[in-house]
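K.L.:
Show me the folded form of this:
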Amino acid sequence: MFGKLPIRSSAAAGGGLLRRALRSRVNNNDARQLSTAEAAHDTNFPSYLLENPTTEITQFPSGLRVASETMLGANTATVGVWIDAGSRYETIHNNGAAHFLEHMAFKGTPRRTQYNLEVEIENMGGHLNAYTSREQTVYFAKVFEKDVPRAMDILADILLRSRLDAAAVERERDVILREMKEVNKQNEELVLDHLHATAFDGSGLGRTILGPEQNIKNLTRDDLREDDLREYIDTHYLAPQMVIAGAGAVNHSHLCELADYYFGGLKSELNEEQKNSDAVCLDTGNFAGGDCRIHFNSDPMASFALAYEGSSWTSEYAYPLMILQTIIGSFDRAVGKNPTSQLCYDVAANELANSISTFNTCYKDTGLFGFYAVAEREKVHDLAACMTKNIAQLVHHITEEDVERAKIALKATMLMGLDGNTNVCEDIGRQLLTYGRRITPVEIFQRIEEMTVDDIKAAAHKVFYDKDHAMAAVGGIEGMPSYEWLRNNSM
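P.N.:
Below is the predicted model of the structure:
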């Protein structure tokens with residue numbers, strides 16, 4: 001089935017580490033990228049930032065991109081495939097297909113049974129995982145340096161040649177239906193799914209990742225043209241929509257050879273019939289706002305999310321909103337976290353909620369910025385009043401001290417998020433799909449440093465002032481004020 005596998009010895013792989021660390025092949029698109037020399041001249045950044053390994057990127061003629069970061073001294077590597085396809089790209093008829101395929105990928109291929117796949121990964125001491133989000137599907141493996149070629153073989157096998165036999169589809173259908181029941185028992189997951197459905201009513205972002213129960217029951221695997229799962233693969237797993245990412249003990253040239261060998265056969269575009277098919281869907285994420293309330297008389301607690309339209313990944317408001325999220329922060333009575341914002345202080349001092357947190361979710365063309373809270377049902381009205389009052393006054397209460405403290409916390413959070421080659425690999429894959437390039441930690445720090453109090457106030461004004469909101473609430477919510485009351489009192 002395969003030709004000769006490109007193998008590179010450990011000595012050859014190690015010999016090029018220093019050379020790769022001294023050169024950058026990060027592609028240069030329209031967005032500004034700050035070089036380490038510029039950063040060193042403009043700002044006194046710490047040496048661990050300026051000496052951060054470079055990310056090498058190669059794009060094949062097919063549109064497939066390979067990106068990697070070699071980490072000197074690493075003995076393990078993470079390699080994976082990031083696909084620009086998730087529940088947002090599905091239609092109302094095949095919603096749930098991406099998540100279903102994620103499950104099916106581990107059920108065997110013509111070359112490997114499920115048992116053989118599990119034993120092979122276990123014998124390598126490796127980890128194989130996958131996840132689906134609204135905009136991306138990801139498959140990745142963490143292995144020893146010598147096992148990177150085998151990991152790429154396995155990833156290509158399960159991704160492109162999953163067996164999808166009828167018996168396995170039926171077994172996994174039951175597994176996903178049970179998973180759906182468990183998810184629906186988690187109030188936060190339930191609330192955020194309803195929030196998206198309300199905020200982006202009628203568009204792809206409003207659909208759930210698992211899909212509706214009816215779709216899960218009806219997705220098929222047969223030899224007919226309406227084969228939902230195979231059709232999804234054929235229309236979404238295209239070379240330009242995929243990134244092969246690696247971090248740790250990886251050699252970029254070798255990773256390119258492996259990517260070409262295993263993924264070189266991916267098609268670059270759809271045929272005319274597929275372009276006109278209902279299976280291809282990417283609509284605009286229009287924020288509609290709205291209200292969704294699910295009242296349970298027997299529930300002593302209320303869980304709800306209140307959100308406004310946020311920013312896309314590439315918006316000028318992306319970084320100011322990250323800082324604003326950090327400024328507002330969170331409060332959890334169980335851990336006794338010291339509240340730093342006026343909102344969290346008011347909630348803590350008056351014991352209005354068990355917990356309240358701020359979220360800032362970015363998508364390609366829009367986002368959600370809001371609050372998630374859990375409170376006793378008797379305190380819902382007072383909590384809502386406290387939140388709207390603080391939202392209305394927020395733009396006037398942001399100080400230089402708030403911004404500087406948030407900058408430090410945000411930089412620390414971002415650096416901790418890059419701890420380990422799996423996190424770095426995840427960052428590379430995600431950024432190439434969202435930005436088309438890798439933004440270095442130096443550039444991230446520089447952008448954070450450039451933010452001023454006026455920038456944060458402008459972002460807060462844009463998000464909150466005289467804007468419609470979306471709300472989803474579950475549990476004992478009879479005390480929740482009306483949509484109109486919430487809107488009028490948050491201006």
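
K.L.:
quick one: average confidence on stretch 471-480?
P.N.:
Regarding stretch 471-480, the rounded mean pLDDT is 96.

K.L.:
distance between that stretch and the chain's centre?
P.N.:
Distance, stretch centre to chain centre, for stretch 471-480: 28 Å (Cα atoms, centre = their mean, to the nearest Å).

K.L.:
how far does it stretch from start to finish?
P.N.:
Terminal residues of stretch 471-480 are spaced 11 Å apart (Cα to Cα, to the nearest Å).

K.L.:
so residue 87 sits right up against residue 99, yeah?
P.N.:
Yes: counting by Cβ atoms under 8 Å, residue 87 does reach residue 99; the two are 7.1 Å apart. Any C-beta I mention is one placed from the backbone N, CA and C, and that applies to glycine too.

K.L.:
and for those two, which residues touch both?
P.N.:
Both residue 87 and residue 99 are in contact with 132, 209, 211, where contact means Cβ atoms under 8 Å, 6 or more residues apart in numbering.

K.L.:
I'd say the last one and residue 91 touch.
P.N.:
No: look at residue 211 against residue 91 with Cβ under 8 Å: they stay out of range, at 10.6 Å.

K.L.:
Neighbour count: the two, which is higher?
P.N.:
residue 211 (24 against 17; other Cβ atoms under 10 Å).

K.L.:
And the more buried one, how far from residue 176?
P.N.:
With the distance defined as Cβ to Cβ, to the nearest Å, residue 211 ends up 8 Å from residue 176.

K.L.:
residues shared between the contacts of those two?
P.N.:
Joint contacts of residue 211 and residue 176 (Cβ under 8 Å, 6+ apart) are 96, 99, 100.

K.L.:
what's the closest non-adjacent residue to residue 83?
P.N.:
Nearest non-adjacent residue to residue 83, counting by Cβ to Cβ, 6 or more residues apart in numbering: residue 137, 4.4 Å away.

K.L.:
Who is the one you found paired with across the strands?
P.N.:
Per DSSP bridges, the residues bridged to residue 137 are residue 83, residue 132.

K.L.:
Please report how far it lies from residue 376.
P.N.:
Distance from residue 137 to residue 376, by Cβ to Cβ: 39 Å.

K.L.:
pLDDT at the residue nearest the centre of the chain, what is it?
P.N.:
Nearest to the geometric centre of the chain sits residue 133, at 6.2 Å (Cα atoms, centre = their mean). Note on residue 133: pLDDT of 94.

K.L.:
Contact partners for it?
P.N.:
86, 87, 209.

K.L.:
What mean pLDDT does the helix or strand encompassing residue 120 get?
P.N.:
Under the criterion of DSSP states H and E, residue 120 resides in helix 114-124. The pLDDT scores in helix 114-124 average 95.

K.L.:
in that helix, what counts as buried?
P.N.:
By neighbour count on 16 or more other Cβ atoms under 10 Å, the buried set for helix 114-124 is 117, 120, 121, 124.

K.L.:
Low-confidence ranges, the stretch 351-491 of the chain, go.
P.N.:
Applying pLDDT under 70 to the stretch 351-491 of the chain flags no residue at all.

K.L.:
Can you identify each of the strands in it by residue range?
P.N.:
355-362, 367-376, 470-475 (DSSP state E, counting those that start in this stretch).

K.L.:
what pairs with the shortest one, and is each one parallel or antiparallel?
P.N.:
The reference is to strand 470-475. Going by DSSP bridges, the partners of strand 470-475 are strand 290-295 (parallel), strand 301-309 (antiparallel).

K.L.:
And those: which comes nearest residue 483?
P.N.:
strand 290-295 (4.5 Å; Cβ to Cβ).

K.L.:
For the closest one, what is the distance to the chain centroid?
P.N.:
Worked out by Cα atoms, centre = their mean, strand 290-295 lies 26 Å from the chain centre.

K.L.:
One more: stretch 413-430?
P.N.:
The answer for stretch 413-430 is 12 Å, by Cα atoms, centre = their mean.

K.L.:
Report the buried residues of that stretch.
P.N.:
418, 420, 421, 422, 424, 425, 426, 427, 428, 429, 430.

K.L.:
contact partners of stretch 192-203?
P.N.:
134, 205-208, 283-292, 294, 305, 307, 309, 366, 368, 370, 372, 470-472, 474.
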